[in-house]
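Colleague: Compute the structure for the input listed below.
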Amino acid sequence: MTRSLDLPTPDQVDTLAHELALLNSTAKRCIAILGSRHVPVTTVHLIELLASSLAQEGHNLLTSGALGTNAAVIRGVLSVNPSCLTVVLPQSLERQPRESRKQLDQVLHLIEKPEHDSLSLTEASSLCNEELISRCDQLLCFAFHNSGTLVRTVELAEARRKLVTLLYFD
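Modeller: Numbering: from 1, shown residues only. Predicted structure coming up:
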């Protein structure tokens, strides 16, 4: 009995080869970790642990300055290797919530975007996420299914052929 085998297109093979090479590589990567502001309490510690482990391995981590996922990433990296962390804000530091500013004052590599202060937070966050994607090799994203900005960021990263891991809270 003969069977037909659907072979992947050359583009799919190239993408798979690229992703496997990144996963198998021992080279240090630049990894963006983004996610929702509304993180289940049980997940916060897991995100901090993940971020600190990646920083201990010497990977460079990128995130933004929001509460929730991003704050957990910042705490995790600051606890082991602050020089491995870059935080890109969607707007100026003054536009960040007061509870975030104290933590952000500890970040060595902080990039502000005061030119986006006149934009809505959604618009500024989308532009910020685009910049983070352009700077990274890999994206880890923690989101809810209705997290529009984050889902669009994942789609952008995939279109730019980044290695993407999307984990849903719901």
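Colleague: for the residue nearest to residue 65 when sequence neighbours are not counted, what are its contacts?
Modeller: Nearest residue to residue 65, sequence neighbours excluded (C-beta to C-beta, 6 or more residues apart in numbering): residue 89, at 4.7 Å. Where C-beta positions appear, they are placed from N, C-alpha and C, glycine not excepted. Going by C-beta atoms under 8 Å, 6 or more residues apart in numbering, residue 89 touches 64, 65, 95, 96, 104, 110, 111, 112, 113, 128.
Colleague: Pairing partners for residue 35 in the sheet, please.
Modeller: Residues in a beta bridge with residue 35, per DSSP bridges, are residue 142.
Colleague: For burial, what's the neighbour tally of it?
Modeller: 26 (other C-beta atoms under 10 Å).
Colleague: Hmm, residue 67 and residue 99 touching each other?
Modeller: Yes: if you go by C-beta atoms under 8 Å, residue 99 and residue 67 touch, sitting 6.8 Å apart.
Colleague: Which one of these two is surrounded by more residues?
Modeller: residue 67 (16 against 9).
Colleague: Next up, phi/psi of the spatially most central residue of the chain, please.
Modeller: With distances taken as C-alpha atoms, centre = their mean, residue 33 lies nearest the centre of the chain, 2.4 Å away. The phi/psi pair for residue 33 (degrees, to the nearest 10) reads phi -120, psi 120.
Colleague: so what's it up against?
Modeller: By C-beta under 8 Å, 6+ apart, the neighbours of residue 33 are 47, 50-51, 61-63, 69-70, 73, 139-142.
Colleague: and what of residue 75?
Modeller: Applying C-beta under 8 Å, 6+ apart to residue 75 gives the contacts 48, 51, 103.
Colleague: Go through the residues you listed and give me the one with the most neighbours.
Modeller: Neighbour-wise, the contacts of residue 75 (other C-beta under 10 Å) top out at residue 51, 29 neighbours.
Colleague: quick one: which of the contacts of residue 33 is nearest residue 132?
Modeller: residue 62 (5.2 Å; C-beta to C-beta).
Colleague: Work out for me the element the residue lying closest to that closest one once chain neighbours are set aside sits within.
Modeller: In space, residue 62 comes closest to residue 32 once its chain neighbours are excluded; the distance is 4.3 Å by C-beta to C-beta, 6+ apart. In this structure, residue 32 sits in strand 30-35 according to DSSP states H and E.
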